[in-house]
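Student: Attaching a predicted model along with its sequence, questions to come.
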Amino acid sequence: MSAKVVVSKRRNVNRQAIFLITLWPFPEDFFLSDPELKSKVPLEYLSHKEKYEEAVRKACLLFRKVIQLQNEGKGGMDNFREVLGGQLGSAILPDGNPITLHYVMFIPTLMGQGTIEQQAEWIQKAWNCDIIGTYAQTELGHGTFIRGLETVAKYDPKTEEFVLHSPTLTAYKWWPGGLGHSANYAVVVAQLYTQGKCHGIHPFVVQLRDEETHEPLPGIKIGEIGCKLGMNSTNNGYLGFDNVRIPRNYMLMKNSQVLPDGTYVKSPSSKLTYGTMIFVRVVLVQDAATYLKKASIIATRYSAIRHQSQIKPDQPEPQILDYVTQQYKLFPNIASCFAFQYAATWLWDTYNNITEELETGQLDNLPELHATACVLKAVSTADAAQGVEMLRLACGGHGYMTASNLPSTYGLVTAMCTYEGENTVLLLQTARFLVKMWQNKTNVYKLPTMKYLATALNRATPFEKSVEWVIAALQKTAAGKIDLANRHLNERVAKGQSYEDAWNNTSIELVSAAEVHGRTIIVEQFYNTVQGYKSRVSKELGTVLEQLLQLYAVNAALRCTGDFLRFTEVLGKDITVLQTWLEELLSQIRPNAVGLVDSFDMRDEILSSALGCYDGNVYERLFNEAQKSPLNAEPVNKSYNLYLKPFIKAQL
Ligand SMILES: CCCCCCCC/C=C\CCCC(=O)SCCNC(=O)CCNC(=O)[C@H](O)C(C)(C)COP(=O)(O)OP(=O)(O)OC[C@H]1O[C@@H](n2cnc3c(N)ncnc32)[C@H](O)[C@@H]1OP(=O)(O)O
Ligand SMILES: Cc1cc2nc3c(=O)[nH]c(=O)nc-3n(C[C@H](O)[C@H](O)[C@H](O)COP(=O)(O)OP(=O)(O)OC[C@H]3O[C@@H](n4cnc5c(N)ncnc54)[C@H](O)[C@@H]3O)c2cc1C
């Protein structure tokens, strides 16, 4: 991965802005120039069924091209990551990809939970797409509380098989992507029973459909769950089992096993079953950055084109980009794109390092990785969803048009707040870890993202107008919130509440403490990244990066003013200094705003937006898109003679 400086100049010198990006040698043109990957008719004018069929057609072609590149030695996993991610992936399949789960969860689970022999059996078939899988964990009745899943897998030692069964309607698997009509295999998470004892949830490979006819196999009740807020081509499905038998070795047995006689061999850690969920949460932080970049480009370019109202009576209508309120909607989101990008890169590296440790049986850092993946996924996806909605609103009526691609982008990003662990639940997971660290302070000194907790609470943080102060204040606030929540927990227990009730009654504070902890990590990673670049890039770039870092930090601080006043030495007058600092930064960033979003380097075909095109011809594109409406094919629609005319006549 080589970081290079890309200079993006826009029309005139004062808009020169440069942005440091990591260039992947990914052949975008190979995909975007393929006419077969373009929709003949805008998706919004297709039926639900047609949208799905079009998505399957494109998804198969997309992956065929990726496999072709791989066979030619032109990249591997990176190419999959590009076509599955929020940039190229959502440009070609804006309503979701029905085969995503095959690559994002089915194959990773086989790799993470299968024995070497099972990997040898299944992974080549999966990579060759001889089989198409999904990841079926969530049920109609349970998504968060996976220890409460109802699907059962009972071992029959006589035949050395597991019998999968859905005892209730709420036990039906519900949500898995591609499950409705696309996948013919699934990793199914079920309660394992052997020798009359339940050993909790475990992963099983289950064939769902005939590999030739694609007909559902006997005992398999399967279909799609219907229309959703977005992602309507993802083919999320339901799956019920009526005593379906699978061979013993279809249980993924890397971590725990069932021997032929039914003996259960326990895993070194029950948490290893959860591994795949960490992987996707880590990857989602990058996707949050990508979706927010896409919306930031669209809204910023549109704000440079759109002229509206007057700032001074004798002046022509200004670019709406010159309204400070508009800058306040746009620029903190641009800064967040950098923040989440850097946090995603750091988290990806951390994940890979710790996953290597897990392979050698070292589990020490798994809890911190889990807690960190949870909080960064929750904070980045929540902020990205809020940011995309703010950017849509910043574009007025035209932002509400499907042709802007902002509604579709919102549909994709807001789903991330729910899947792979609903955000509140994940923040509570992080809080659980923080409280445990707080109560057992000796551990805190070792963990990279936690070591500030050892000293932050009692550290003096007199106000100063600097990013370093903001980081120190966020750390002190996080420590203060964790300490206070812990004290309230203990007080509730002392008054006779069970620990579980005390936890529930303290959960608002716990979620808030976890969130501040997450923001601390993001600001600190942004700071470390900029410090690392400053000595290696031009003075201009260093200045721009510093401005963005300061904007992200001061905006994070202003979001925490209440807590800052409670947990740090900051005073009301200091908050005024922060507000003025923010306004100064908006003004400093204004000349580079368009250049900055240009440097996110997303082509028009990726943006798929009449508002965000590089040439700025917004109105012509909006009008041309309107002509594609089937209603405009004829001047008078048949409903006039059928309904309107009789209605009008009847009123005369
Ligand atoms: C290339 C780009 C591609 C991007 C495109 C992606 C598109 C993908 C589209 C859709 C994919 C979506 C797929 C899904 O949604 S799959 C289903 C996801 N479901 C969940 O995430 C469920 C969430 N719930 C849970 O994880 C758990 O129920 C829980 C909330 C964590 C509670 O667990 P539990 O009931 O066991 O209770 P505890 O809190 O007591 O936890 C017990 C201990 O286990 C530790 N733990 C929990 N989870 C993990 C984990 N994942 N890893 C490691 N450790 C874990 C926890 O910390 C406790 O430890 P302790 O020591 O404190 O006892
Ligand atoms: C687009 C999309 C794609 C998906 N793809 C898949 C897939 O491929 N495979 C798969 O298995 N699943 C998939 N899911 C399901 C997803 O993982 C679940 O929706 C998610 O885990 C949340 O579970 P739930 O929907 O049952 O909500 P619930 O768990 O019922 O949560 C509902 C509400 O209750 C709250 N709540 C729940 N538990 C607690 C708690 N302990 N403390 C405080 N509040 C709590 C939550 O915060 C939330 O506000 C997908 C979901 C979506 C939206």
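Tutor: Perfect, I can see it now. Numbers count the residues shown, from 1 in each chain. Ligands and ions are numbered 1, 2, ... in the order given.
Student: near ligand 1 at all, the longest helix along the chain?
Tutor: What stands out as the longest helix in the chain, according to DSSP state H, is helix 324-359. No: if you take C-beta under 6 Å from any ligand atom as the test, helix 324-359 misses ligand 1, and the best it gets is 10.0 Å. C-beta here means a position set from N, CA and C on the backbone, and glycine is covered the same way.
Student: name the helices or strands packed onto that helix?
Tutor: Counting contacts by 3 or more C-beta pairs under 8 Å, 6 or more residues apart in numbering; DSSP states H and E, helix 324-359 packs against helix 275-305, helix 366-393, helix 507-534, helix 539-558, helix 572-589, helix 593-598.
Student: At the geometric centre of this protein, which residue sits there?
Tutor: Geometric centre of the chain, nearest residue: Leu284, 3.3 Å, by C-alpha atoms, centre = their mean.
Student: Identify the residues contacting it.
Tutor: For Leu284, the contacting residues are 377, 380-381, 416, 420, by C-beta atoms under 8 Å, 6 or more residues apart in numbering.
Student: Quickly name whichever of those is closest to ligand 2.
Tutor: Glu420 (6.1 Å; C-beta to the nearest ligand atom).
Student: Tell me who's in contact with the closest residue to ligand 1 within the stretch 151-300 of the chain.
Tutor: Nearest to ligand 1, among the residues of the stretch 151-300 of the chain, is Tyr274, at 3.1 Å (C-beta to the nearest ligand atom). Going by C-beta under 8 Å, 6+ apart, Tyr274 touches His370.
Student: got a pLDDT number for it?
Tutor: The model reports Tyr274 with a pLDDT of 71.
Student: so how far is ligand 2 from it?
Tutor: 12 Å (C-beta to the nearest ligand atom, to the nearest Å).
Student: Near ligand 1, which residues of the protein are found?
Tutor: Those residues of the chain that sit near ligand 1, judged by C-beta under 6 Å from any ligand atom, are 81, 84-85, 100, 104, 135, 137-138, 144-147, 177, 271, 274, 277-278, 280, 283, 287, 366-367, 370, 419-421, 425, 429, 432.
Student: how much space between the residue in the stretch 501-650 of the chain positioned nearest to ligand 2 and Ala633?
Tutor: Closest contact between the stretch 501-650 of the chain and ligand 2, by C-beta to the nearest ligand atom, is at Ser507 (6.3 Å). Distance check for Ser507 against Ala633: by C-beta to C-beta, to the nearest Å, it reads 55 Å.
Student: Any buried residues in the longest helix of the chain, and which?
Tutor: For helix 324-359, the neighbour count (16 or more other C-beta atoms under 10 Å) marks 326-347, 350-351, 354-355, 358 as buried.
Student: ok, which stretches of the stretch 51-200 of the chain are strands?
Tutor: 135-136, 152-156, 161-165, 173-174, 185-194, 197-207 (DSSP state E, counting those that start in this stretch).
Student: In the sheet, which strands lie alongside the fifth one, parallel or antiparallel?
Tutor: It refers to strand 185-194. strand 135-136 (parallel), strand 152-156 (parallel), strand 197-207 (antiparallel) (DSSP bridges).
Student: mind checking how far the second one is from the chain centre?
Tutor: Relative to its parent chain, strand 152-156 has a centroid offset of 34 Å by C-alpha atoms, centre = their mean, to the nearest Å.
Student: How about it, which residues are buried there?
Tutor: Using 16+ other C-beta under 10 Å as the test for burial, strand 152-156 gives 152-155.
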